[in-house]
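> 3D, please:
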Amino acid sequence: MTDYLQNFLTATWYLIAIPALFGCALSLISHCNKALVVKHFGFLAQVIGGGIGIIIHELSHLIVALLFRHHIQGVALLRIPNYKIEGDTQLGYVQHTWQPSSLYQQSGNFFIGLAPLIGETLSIIALTKLLVPPVFSWWLAIESGNPQADPNGLVWWKLLVWLILLVNISVGGFDLSPADLANSGQGVLSLLVIYLAALVIVTLALSPAAFKATLLAIMIPVYWALGLALAINIATWGLVVMLGKVA
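Predicted structure coming up:
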């Protein structure tokens, strides 16, 4: 019972609490950034500056919905709202239905609603590993206590592409809509049952120390990606505020 409680606390902190804190901060500041960009530079500026992030946002919803066997009714990965239609502000959408009697499909709502946080984070990790491997190696090395990276391994044009894509993804994709959050709420109870059951299996297979080490090895790149996205959003917010005053 003690091992189960330790694994429960470890999983809840490293797997849920820390990403949730990052996610809340990212969603709030990303929403503020989009509002400021529209205010100072027009509606299309958020599409130009965050279009890739928006596409990944909606694609994440779609992929996770398909994984949980939801029925897809309509998809728009990126769209320009019709100004003639009042209330039409959606930059993209994924319309889906599910069987309320299915525990699997019901629990999927939690992941579908939060899928953009997962998709955007994985995209940042993948781009970092692909375009700037020394940075990715440095992320991993810090956790091991040996933070060494070779800057000679960086290629200037890959670094530039990485930075441009990171800004676009970070600013455009982490803003969770009220519909996203509401959708996640529908799967919380079902997911809780699965979560508690999964921890029983984990406790039988791994000691608390081994579980914590395994979890940290997986989550360290995630924390770095989320932290980087948050830093980019904060910097973007400051830049937009400054340019807005100049304009």
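
> quick one: residue 176 is in a strand?
No: going by DSSP: H, G, I helix; E, B strand; the rest coil, the assignment for residue 176 is coil, not a strand.

> Check what pLDDT it gets.
Predicted confidence (pLDDT) at residue 176: the value is 82.

> what ranges do the helices span in this protein?
Ranges of helices in the chain, per DSSP state H, are 2-11, 18-41, 43-67, 103-131, 133-144, 156-173, 178-185, 188-205, 208-246.

> Could you export those as JSON lines, including distance to residue 81 and mean neighbour count?
C-beta here means a position set from N, CA and C on the backbone, and glycine is covered the same way. Shown next, in JSON lines, are those (distance: least, C-beta to C-beta, whole Å; neighbours: other C-beta atoms under 10 Å):
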{"stretch": "helix 2-11", "distance to residue 81": "40", "mean neighbour count": "15"}
{"stretch": "helix 18-41", "distance to residue 81": "11", "mean neighbour count": "18"}
{"stretch": "helix 43-67", "distance to residue 81": "8", "mean neighbour count": "20"}
{"stretch": "helix 103-131", "distance to residue 81": "19", "mean neighbour count": "21"}
{"stretch": "helix 133-144", "distance to residue 81": "36", "mean neighbour count": "17"}
{"stretch": "helix 156-173", "distance to residue 81": "15", "mean neighbour count": "18"}
{"stretch": "helix 178-185", "distance to residue 81": "15", "mean neighbour count": "14"}
{"stretch": "helix 188-205", "distance to residue 81": "31", "mean neighbour count": "14"}
{"stretch": "helix 208-246", "distance to residue 81": "21", "mean neighbour count": "16"}
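
> which stretches of this structure aren't confidently modelled?
1, 83-84, 87-88, 143-152, 246-247 (pLDDT under 70).

> Tell me how far the closest residue to residue 72 other than its chain neighbours lies from residue 40.
Closest residue to residue 72 apart from its sequence neighbours, by C-beta to C-beta, 6 or more residues apart in numbering: residue 96 at 5.3 Å. Distance, residue 96 to residue 40, using C-beta to C-beta, to the nearest Å: 35 Å.

> Just the C-alphas of stretch 122-138, formatted as PDB.
Taking Å, rounded to 0.1, in the frame of the first residue of the first chain, the C-alpha atoms of stretch 122-138 are listed here in PDB:
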ATOM      1  CA  LEU A 122       5.700  16.500 -29.100                       C
ATOM      2  CA  SER A 123       6.200  18.700 -32.200                       C
ATOM      3  CA  ILE A 124       8.700  21.000 -30.400                       C
ATOM      4  CA  ILE A 125      10.600  17.900 -29.100                       C
ATOM      5  CA  ALA A 126      10.700  16.300 -32.500                       C
ATOM      6  CA  LEU A 127      11.800  19.600 -34.200                       C
ATOM      7  CA  THR A 128      14.500  20.100 -31.600                       C
ATOM      8  CA  LYS A 129      15.800  16.600 -32.000                       C
ATOM      9  CA  LEU A 130      15.800  16.800 -35.800                       C
ATOM     10  CA  LEU A 131      17.100  20.400 -36.400                       C
ATOM     11  CA  VAL A 132      19.200  21.100 -33.300                       C
ATOM     12  CA  PRO A 133      20.400  17.800 -31.800                       C
ATOM     13  CA  PRO A 134      22.900  19.500 -29.500                       C
ATOM     14  CA  VAL A 135      20.100  21.400 -27.800                       C
ATOM     15  CA  PHE A 136      18.100  18.100 -27.400                       C
ATOM     16  CA  SER A 137      21.200  16.300 -26.000                       C
ATOM     17  CA  TRP A 138      21.700  19.200 -23.500                       C
END
